[in-house]
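Chemist: sequence and predicted structure below; questions after.
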2 protein chains.
Amino acid sequence: MNPDYVHGYSTKESVRLVDQATTLTELLHSDTAYPAGSLVLEAGCGVGAQTVALAGNSPRTNFVSVDISEESLAEARRRVETLGLRNVVFQRADILNLPFGDAHFDHVFVCFVLEHLPNPEEALERLRRVLKPGGTMIVIEGDHGSAYFHPDSVYARRAIQCLIELQRRVGGDSLIGRRLFPLLTQAGFRNVRVSPRMVYSDASRPVFVDGFTRKTFTAMVEGVTEQAVGQGLMDAESWAKGIRDLYRTAEPDGTFCYTFFKAVGIK
Amino acid sequence: MNPDYVHGYSTKESVRLVDQATTLTELLHSDTAYPAGSLVLEAGCGVGAQTVALAGNSPRTNFVSVDISEESLAEARRRVETLGLRNVVFQRADILNLPFGDAHFDHVFVCFVLEHLPNPEEALERLRRVLKPGGTMIVIEGDHGSAYFHPDSVYARRAIQCLIELQRRVGGDSLIGRRLFPLLTQAGFRNVRVSPRMVYSDASRPVFVDGFTRKTFTAMVEGVTEQAVGQGLMDAESWAKGIRDLYRTAEPDGTFCYTFFKAVGIK
């Protein structure tokens, strides 16, 4: 367990991560299906929020889902078992020190992980080692600088900047989505293609207003209240206003935009 | 001719607007086709950059394309004639004082116009008057706050802020894309649906790198150099660095993101 993980390991946080996965599954994963019989590494599976989508979309593919946190793995295991999925093996492992031979996997998948690593280039290199030549590397990341909304609010924008800064202070980069193309290209992957997946919420899309604007994005920012105010990045009153203004964008005349990036490259 | 139009009326500007239309036609207009025999108002056609896409996509529909500038209309007329399109009638008219009866048109289309108006609500009301009940209102606008890029640059971001501020000073709102949903809803349109159209450029998409990042967006920002520096919004050196940093995002390891919003509502 890495105590610096910015999103924390609380139960509430797990609920948020699952809400996020449910709302976003279609947007992020519907175009990922692996061949029957292939062996896929999911690196950094966390509580299994993406695992269930991956394994469900490719029921005859064998997944090895690894994470550094035993606690997260236990929850991921429960989630996969609850759904009756039998094509996932969980294993504790560090992405930077993978216990697999060279070219062990047909494909590698990593989602919402590189943003937390001080050296994503190194992680990609380590992941590339265990991938077979010709296999695909899929990377999905968000980009907090892609968030904008109506009504606009300088407080809300500052609150988001605090989250970006906090993630930076623990070695992460929450603006990583926009640079997946150069990251994968420079790591030696070929034919890199990046497709942005924009979440746009307004009152005509209530599932996204509730599932994404409120329960994913704003909940995520609200989740670092203590750190942001405690570390003096914003005073408590301005912070509270920022959070209120983010929730405000979920009202019937509000809109909210955020973009995830999905990259695929070939070894 | 409105001398306050922020993008100007120079020949170079016309070239930019045409480059933009060519690159973006598919993204913005491929899903707009009107029934044969219907009568459609294109309000604010400018130099005809969108007119040719509209009229080409719906060759048996009759378009009335209006603009306040005779000079722009003349160029739009030339463009439509060059392509041999015979289903467009051009007419000089002010959107706020349309010379048409109530419910005259089957459909109304407006693209890159509301962003320039001090009172887009009023414009929508005037356009709604000439639309038949049951007809569609289509609005397409950009949102300069949707621009972000790699490598990130505080100078480039400040340069974009200058463009937003200059547009604000002449009564426009270049962040209007994100608020099309409430604008159309509050103007009384029903079933309003907004679809974001994101332009994402990296080296794997050379047409967008050159046609959008360089020749549309950066050229547009560069086009207000004199005003931005002249009005003291940014010093000349910082401005030049901002422009260089925008062009830098078009290099092989750079990326660039921008989002247009297309709204459709029913009267």
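Modeler: Looks like it arrived, so ask away.
Chemist: show me where the stretch 1-150 of chain A has strands.
Modeler: Counting by DSSP state E, counting those that start in this stretch, one finds strands in the stretch 1-150 of chain A at the ranges A:39-43, A:62-67, A:88-92, A:107-111, A:136-141, A:148-150.
Chemist: A:Arg77 and A:Thr32, how far apart?
Modeler: 22 Å (C-beta to C-beta, to the nearest Å). Every C-beta, even on glycine, is put in place using the N, C-alpha and C of the backbone.
Chemist: correction: A:Arg214
Modeler: When distance is defined by C-beta to C-beta, A:Arg214 is 27 Å away from A:Thr32.
Chemist: next, count neighbours for A:Arg92.
Modeler: A:Arg92 sits with 12 neighbouring residues when counted by other C-beta atoms under 10 Å in any protein chain shown.
Chemist: kindly state the pLDDT recorded for it?
Modeler: With respect to pLDDT, A:Arg92 has a value of 98.
Chemist: distance check, it against B:Pro196.
Modeler: Distance from A:Arg92 to B:Pro196, counting by C-beta to C-beta: 40 Å.
Chemist: from A:Pro196, how far out is the residue in the stretch 1-150 of chain A that chain B sits nearest to?
Modeler: Per C-beta to the nearest C-beta, the residue of the stretch 1-150 of chain A with the smallest distance to chain B is A:His150, at 4.5 Å. To A:Pro196, A:His150 is 20 Å away according to C-beta to C-beta.
Chemist: neighbour count winner among these two?
Modeler: Comparing A:His150 with A:Pro196 by neighbour count (other C-beta under 10 Å), the higher total belongs to A:His150, at 24 against 20.
Chemist: quick one: that one and B:Leu163, what's the gap?
Modeler: Using C-beta to C-beta, we find A:His150 at a distance of 19 Å from B:Leu163.
Chemist: any regions of chain A where pLDDT drops low?
Modeler: Along chain A, the model assigns pLDDT under 70 to residues A:1-22.
Chemist: quick one, what contacts the residue nearest to the spatial centre of it?
Modeler: The residue lying closest to the centre of chain A (C-alpha atoms, centre = their mean) is A:Phe112, at 2.4 Å. A:Phe112 sits next to A:44, A:46, A:50, A:140-142 when contact means C-beta atoms under 8 Å, 6 or more residues apart in numbering or on different chains.
Chemist: that older thread, any chance of the strands of the stretch 1-150 of chain A in a markdown table, plus distance to B:Ser65?
Modeler: What follows is the strands of the stretch 1-150 of chain A, written out as a markdown table (distance: least, C-beta to C-beta, whole Å):
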| stretch | distance to B:Ser65 |
| --- | --- |
| strand A:39-43 | 53 |
| strand A:62-67 | 55 |
| strand A:88-92 | 58 |
| strand A:107-111 | 47 |
| strand A:136-141 | 43 |
| strand A:148-150 | 30 |
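Chemist: and of these, who's closest to B:Gly230?
Modeler: Among the strands of the stretch 1-150 of chain A, strand A:148-150 comes nearest to B:Gly230, with 28.5 Å by C-beta to C-beta.
Chemist: what pairs with that closest one, parallel or antiparallel?
Modeler: Here strand A:148-150 has these sheet partners by DSSP bridges: strand A:255-266 (antiparallel).
Chemist: okay, the angle between the strand it pairs with and strand A:136-141?
Modeler: 160 degrees (axes from the mean of the first three to the mean of the last three C-alpha atoms, to 10 degrees).
Chemist: which residues belonging to strand A:255-266 are considered buried?
Modeler: Residues A:255-265 are the ones in strand A:255-266 that count as buried (16 or more other C-beta atoms under 10 Å in any protein chain shown).
Chemist: only C-alpha atoms, please: export that strand in CSV.
Modeler: Extracted in CSV, the C-alpha atoms of strand A:255-266 (Å, rounded to 0.1, in the frame of the first residue of the first chain):
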residue,chain,number,x,y,z
THR,A,255,-22.7,21.9,-18.2
PHE,A,256,-19.5,20.1,-17.5
CYS,A,257,-16.7,18.8,-19.8
TYR,A,258,-13.9,16.4,-19.1
THR,A,259,-11.7,14.3,-21.4
PHE,A,260,-10.1,10.9,-21.0
PHE,A,261,-7.5,9.8,-23.5
LYS,A,262,-7.1,6.2,-24.7
ALA,A,263,-3.9,5.3,-26.5
VAL,A,264,-3.0,2.1,-28.2
GLY,A,265,0.4,1.2,-29.5
ILE,A,266,2.1,-1.9,-30.9
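Chemist: quick check: end-to-end length of stretch A:232-241?
Modeler: The straight-line separation of the ends of stretch A:232-241 (C-alpha to C-alpha, to the nearest Å) is 16 Å.
Chemist: what comes up buried for that stretch?
Modeler: Neighbour-count burial for stretch A:232-241, counted by 16+ other C-beta under 10 Å, picks out A:233-234, A:238-241.
Chemist: so where do the helices sit in chain A?
Modeler: A:11-29, A:51-57, A:70-82, A:120-129, A:154-169, A:180-186, A:206-208, A:219-222, A:225-230, A:236-248 (DSSP state H).
Chemist: next, format those as a markdown table and append distance to B:Thr61.
Modeler: Shown next, in a markdown table, are the helices of chain A (distance: least, C-beta to C-beta, whole Å):
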| stretch | distance to B:Thr61 |
| --- | --- |
| helix A:11-29 | 34 |
| helix A:51-57 | 42 |
| helix A:70-82 | 52 |
| helix A:120-129 | 50 |
| helix A:154-169 | 43 |
| helix A:180-186 | 40 |
| helix A:206-208 | 33 |
| helix A:219-222 | 46 |
| helix A:225-230 | 54 |
| helix A:236-248 | 41 |
